[in-house]
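[1] Following is a predicted model, sequence given first.
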Amino acid sequence: MHDLVGTWELVEWTFTVDGVREARPFGGDPVGLLTYTADGWMWAALMKRHRKPLPTTTISAAPVVDRAEAAAGYLSYAGRYTIVGDEVVHHVVVSLMPNWVGDDQRRHIEWVDAPDGTRDLVLSTPDTATDGGRKAVNRLRWRRTSPA
């Protein structure tokens, strides 16, 4: 069984543009869960911690602007995964971001010491071109969840 197997909680998410400008997505205090199963499946869900409630009981009934705001504060995808050297490759089957479906999302794996003596998982994207032509890297630090 690989060290990734299990469920992880998001500790920190940083976004660096051109290697210098660092930002913290989703207001700097996002919530996230990431799970890897022993049989090769994964899913991730991240969101802005304090999203505004919708004025309706279903997303489809909400006004378009409210749906857009809800989606802008949320990211989720799932699929198979494989380990290739020091990378995990997420083979996306479903995603809030339609462009990712059928695509591979590569993440560099790094292990760092956690305050409790365990190891945190750090997953980083490769340099990715932004819509403005700059190079961006997302770095997400995850801590293994405690057993229930």
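    Good, I have the coordinates. Numbering: from 1, shown residues only.

[2] what's the closest non-adjacent residue to Tyr81?
    Spatially, and ignoring its direct neighbours in sequence, Tyr81 is nearest to Met42 (4.4 Å; Cβ to Cβ, 6 or more residues apart in numbering). For the C-beta atoms, the positions are set from N, CA and C on the backbone; glycine is no exception.

[3] Secondary structure element holding that neighbour?
    For Met42, the element it lies in under DSSP states H and E is strand 41-47.

[4] Now that strand: average pLDDT?
    The average pLDDT within strand 41-47 is 98.

[5] if we can go back for a sec, quick check: the residue nearest to Tyr81 vs Leu34, distance?
    7 Å (Cβ to Cβ, to the nearest Å).

[6] for the chain, where's the lowest mean pLDDT among helices and strands?
    When the helices and strands of the chain are scored by mean pLDDT, DSSP states H and E, strand 21-23 comes last with a mean of 80.

[7] So which other helices or strands are in contact with that strand?
    Helices and strands touching strand 21-23, by 3 or more Cβ pairs under 8 Å, 6 or more residues apart in numbering; DSSP states H and E, are strand 6-17.

[8] Would you verify that Ala70 is located in a strand?
    No. Remark: Ala70 does not belong to a strand; assigned using DSSP: H, G, I helix; E, B strand; the rest coil, it is helix.

[9] circling back: which other residues reach the helix or strand that the least confident helix or strand of the chain is followed by?
    Following strand 21-23 in sequence order, the next helix or strand is strand 31-36 (DSSP H and E). Here strand 31-36 makes contact (Cβ atoms under 8 Å, 6 or more residues apart in numbering) with 2, 4-10, 13, 42-49, 81, 88, 140, 142, 145.

[10] Tell me the buried residues in strand 31-36?
    Along strand 31-36, these residues count as buried under the neighbour rule (16 or more other Cβ atoms under 10 Å): 32-36.

[11] That one: partners in the sheet, and parallel or antiparallel?
    Within its sheet, and counting by DSSP bridges, strand 31-36 is paired with strand 6-17 (antiparallel), strand 41-47 (antiparallel).

[12] deepest of these, which one?
    For the strands paired with strand 31-36, the largest average neighbour count (mean count of other Cβ atoms under 10 Å) is found in strand 41-47, namely a mean of 19.
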